[in-house]
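Novice: Okay, sequence plus prediction incoming.
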Amino acid sequence: MVRSLRDIVELAKARGTKTCVVVAAEDPEVLLAMDEAVTHGIARSILIGNLRGIEEAADTAGVDISKHELVEEDDPPTAARRGVQLVSEGKANLVVKGLVSTSNVLKAVLGKDGGLRTGRLLSHLSVFEMPGSDRLVIFSDGAMNISPSLEEKAEITQNAIDVAHVLGMTNPRVAIIAAIEYLNSDMPATIDAACISKMAERGQIKGGIVDGPLALDNAISPESARIKGIRSPVAGRADILIMPDIEAGNVFYKTLVYMADGCCASVVTGAGAPVVLTSRSDSHASKFYSLALGIVLS
Ligand code: COD
């Protein structure tokens with residue numbers, strides 16, 4: 001079982017070299033992370049974008065562009081569609097976002113022609129390593145599904161469990177997060193959380209131990225769960241946290257990174273291939289680990 005983001009890189013090495021297509025690749029930080037993945041032997045790369053811009057970005061990053069295949073496409077949304085098409089044709093294994101908006105990449109992935117739809121819900125998840133902790137925690141969804149319905153939350157939960165399995169967590173403990181751990185009909189997230197727990201109990205979600213509603217404190221702190229007297233196989237030791245909506249998920253993500261020194265690997269899962277949506281403000285380490293996670297899941 002993986003216990004650190006470094007372990008994810010080791011797992012990627014065991015999977016062999018995968019082809020990553022970077023869309024709108026004229027981004028020095030993404031090129032640097034991509035180059036590191038090539039150097040580690042976990043990736044080959046196809047860089048799509050404005051060739052002059054890619055060369056300038058490579059110069060800025062100190063990256064030798066000769067190790068990378070180049071495809072000219074000046075328009076970023078078109079670059080996203082072409083990259084997604086290469087993956088859907090089996091010429092590449094995963095899509096990596098460069099200097100193009102997240103929504104343009106997601107729209108290309110969701111495209112009816114040449115997209116990567118599978119009939120499943122696509123969701124974003126992050127695998128976090130926190131200072132002083134000897135295990136990883138997965139959470140979802142802080143970047144794609146804006147206000148998921150009950151059924152969508154169930155799919156987000158299943159996607160996260162499936163990723164946990166690939167990372168060697170055989171029966172992950174999943175907390176469905178709300179503001180409180182009791183049902184309150186004025187707080188719809190608590191009702192959804194209870195329904196999802198029941199869905200898991202009845203086999204509608206498989207492969208994990210699911211419980212909720214749990215508040216964040218009693219999901220991750222055994223002491224808090226004990227003080228509050230919560231009897232639950234998940235409370236205090238959740239491996240996966242499912243957030244009620246994008247606002248909670250995104251604020252949680254940024255709190256861990258900017259206020260608690262967390263580092264993470266993130267990916268969109270559920271499509272025909274993983275999609276890595278690095279943001280310009282992500283650290284270099286986080287970009288590289290996200291590539292490694294995408295490679296493991298491809
Ligand atoms: N999984 C599978 N299919 C989906 C999903 C999904 N998560 N979302 C939409 N679809 C399908 C719909 O069923 C429909 O057939 C088609 O795609 C278009 O649906 P719309 O019109 O609801 O979708 P869009 O294209 O307007 O928006 C989809 C986005 C993913 C772009 C949108 O949900 C979005 O903007 N999400 C937030 C992205 C973001 O800004 N993240 C930044 C956070 S850092």
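Specialist: Okay, I see it. Because the structure is predicted, anything quoted here is derived from the model rather than measured. Residues are numbered from 1 along each chain as shown.

Novice: For residue 112, give me the pLDDT.
Specialist: On the pLDDT scale, residue 112 is placed at 88.

Novice: Over to residue 84?
Specialist: 97.

Novice: now swap in residue 217 and tell me
Specialist: According to the model, residue 217 scores 97 on pLDDT.

Novice: Give the helix, strand or coil label for it.
Specialist: Here residue 217 is helix, with the state taken from DSSP: H, G, I helix; E, B strand; the rest coil.

Novice: Count the residues that sit near it.
Specialist: Residue 217 has 15 neighbouring residues, counting by other C-beta atoms under 10 Å. C-betas here are computed from N, CA, C, even on glycine.

Novice: residues contacting it?
Specialist: When contacts are counted by C-beta atoms under 8 Å, 6 or more residues apart in numbering, residue 217 is found next to residue 224.

Novice: which residues of this protein fall in helices?
Specialist: 5-15, 28-39, 51-61, 76-88, 102-109, 150-166, 188-201, 216-220, 222-227, 246-259, 284-297 (DSSP state H).

Novice: deepest of those helices, which one?
Specialist: Most buried of those, by mean neighbour count (mean count of other C-beta atoms under 10 Å): helix 284-297, with a mean of 25.

Novice: helices and strands around that helix, which ones?
Specialist: In terms of contacts (3 or more C-beta pairs under 8 Å, 6 or more residues apart in numbering; DSSP states H and E), helix 284-297 is packed against helix 5-15, strand 18-23, helix 28-39, strand 94-97, helix 150-166, strand 263-269, strand 275-276.

Novice: what's the closest of those to residue 229?
Specialist: helix 150-166 (25.3 Å; C-beta to C-beta).

Novice: Export that closest one to PDB, keeping only CA atoms.
Specialist: The C-alpha trace of helix 150-166 is given here as PDB (Å, rounded to 0.1, in the frame of the first residue of the first chain):
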ATOM      1  CA  LEU A 150     -27.100  12.500  -4.200                       C
ATOM      2  CA  GLU A 151     -26.500  10.100  -7.100                       C
ATOM      3  CA  GLU A 152     -23.500  12.100  -8.200                       C
ATOM      4  CA  LYS A 153     -22.100  12.100  -4.700                       C
ATOM      5  CA  ALA A 154     -22.500   8.300  -4.800                       C
ATOM      6  CA  GLU A 155     -20.500   8.200  -8.000                       C
ATOM      7  CA  ILE A 156     -17.800  10.500  -6.600                       C
ATOM      8  CA  THR A 157     -17.500   8.200  -3.700                       C
ATOM      9  CA  GLN A 158     -17.200   5.100  -5.900                       C
ATOM     10  CA  ASN A 159     -14.600   6.800  -8.100                       C
ATOM     11  CA  ALA A 160     -12.500   7.700  -5.000                       C
ATOM     12  CA  ILE A 161     -12.800   4.100  -3.700                       C
ATOM     13  CA  ASP A 162     -11.700   2.700  -7.100                       C
ATOM     14  CA  VAL A 163      -8.600   5.000  -7.000                       C
ATOM     15  CA  ALA A 164      -7.800   3.900  -3.400                       C
ATOM     16  CA  HIS A 165      -7.800   0.300  -4.600                       C
ATOM     17  CA  VAL A 166      -5.300   1.100  -7.300                       C
END
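
Novice: average pLDDT across that helix?
Specialist: In this model, helix 150-166 has a mean pLDDT of 98.

Novice: picking that back up, JSON lines for the helices and strands packed on helix 284-297, including distance to residue 134?
Specialist: Shown next, in JSON lines, are these (distance: least, C-beta to C-beta, whole Å):
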{"stretch": "helix 5-15", "distance to residue 134": "11"}
{"stretch": "strand 18-23", "distance to residue 134": "28"}
{"stretch": "helix 28-39", "distance to residue 134": "25"}
{"stretch": "strand 94-97", "distance to residue 134": "29"}
{"stretch": "helix 150-166", "distance to residue 134": "17"}
{"stretch": "strand 263-269", "distance to residue 134": "14"}
{"stretch": "strand 275-276", "distance to residue 134": "26"}
